[in-house]
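>>> just need the structure, nothing else, for what follows:
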Amino acid sequence: MSKTIVIDCFPESARHHVDASAVVVVDVIRASTTAVTAVALGRECVVVSSLDAAREAAACLDNPLLVGELAGDMIPGFDLANSPFQIAARADLHRPMILLSTSGTSLISKAGAADAVYVACLRNYSAQAARLLAHHDTVALIGAGSRGEFREEDQLCCAWIAASLLRAGYVPKNPLTNDIVERWRGVPVAAIGSGASAAYLRRTGQLRDLEFVLEHVDDLSDTYSVKMGRVVRVHETTVVTPTASL
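Residues are numbered from 1 along each chain as shown. Alright, predicted model coming up:
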């Protein structure tokens, strides 16, 4: 049987890929980058899909750090926005993070029916590709999307991961998957700086998050999975082959 790869977008799409042996959630700006950054530093990360779920999780944890946004705005009563730059700068790693976002954490929640769910971003796209090649025959890469758009940064990250699988003989499940890989072939990461998500960060004074994303590319060699509502590091040594050149 052929090994397959598909690229899709939006939380609602997760239900179409429950039969995949792995679903990879990609929300580069910003939820997956925030989650991966927190866990890479040693912080516990609980992902939730609603304010009520955030409150329930907070009641069960010791002095949690509430991090998130809804409709792009920081949530009243939360400690931080959904910011990888801000979470990377904090020293209070003993405080568990509860992360809520408009699209990213909703997608993580909806993808939970799959056998394996990973959270990936530009920081670990090569490691994620290597993990998929080693362990999964049917793969769905799903961008979180925002305001009805499959954002450029998520397309690029999905394309870079998918390119490694296609070179290894995986078969694209639809023409869109090939089209996205071809669109981003050889495109520098700086190209996402002209997208709608980047424009929003500039407009709202959150430029440091954009700079963080652009400056932290392929600098982590671990992968991160979702277990019982938590993003956790996959404890396995993986030989990573760089895939920056498509």
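>>> contacts and neighbour counts: CA atoms only from here.
Noted.
>>> please state the offset of stretch 30-46 from the chain centre?
With CA atoms, centre = their mean, to the nearest Å as the basis, stretch 30-46 stands 10 Å off its chain's centre.
>>> can you check stretch 126-134 too?
What separates the centre of stretch 126-134 from the centre of its chain is 14 Å, taken as CA atoms, centre = their mean.
>>> avg pLDDT for that stretch?
Taken as a whole, stretch 126-134 has a mean pLDDT of 98.
>>> where does this protein dip in pLDDT?
Counting by pLDDT under 70, the chain has low-confidence residues at 236-246.
>>> and the helices in it?
31-40, 51-59, 84-89, 104-110, 125-135, 152-167, 175-183, 196-203, 207-215 (DSSP state H).
>>> list the contacts of Ser2.
Listed by CA atoms under 8 Å, 6 or more residues apart in numbering, the contact set of Ser2 reads 137, 170-171.
>>> and Asp8, which of the helices of the chain is closest to it?
The closest of the helices of the chain to Asp8 is helix 175-183. By CA to CA, the value is 7.8 Å.
>>> re earlier: and the contacts of Ser2 as a markdown table, adding distance to Ala54?
Below are the contacts of Ser2 laid out as a markdown table (distance: CA to CA, whole Å):
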| residue | distance to Ala54 |
| --- | --- |
| Asp137 | 34 |
| Tyr170 | 38 |
| Val171 | 39 |
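>>> top of those residues by number of neighbours, please.
Counting neighbours by other CA atoms under 10 Å, Tyr170 leads the contacts of Ser2 with 20 neighbours.
>>> for Cys157, see how far away the residue nearest to Asp154 when sequence neighbours are not counted is.
Nearest non-adjacent residue to Asp154, counting by CA to CA, 6 or more residues apart in numbering: Gly143, 5.3 Å away. Gly143 is 9 Å from Cys157, where distance means CA to CA, to the nearest Å.
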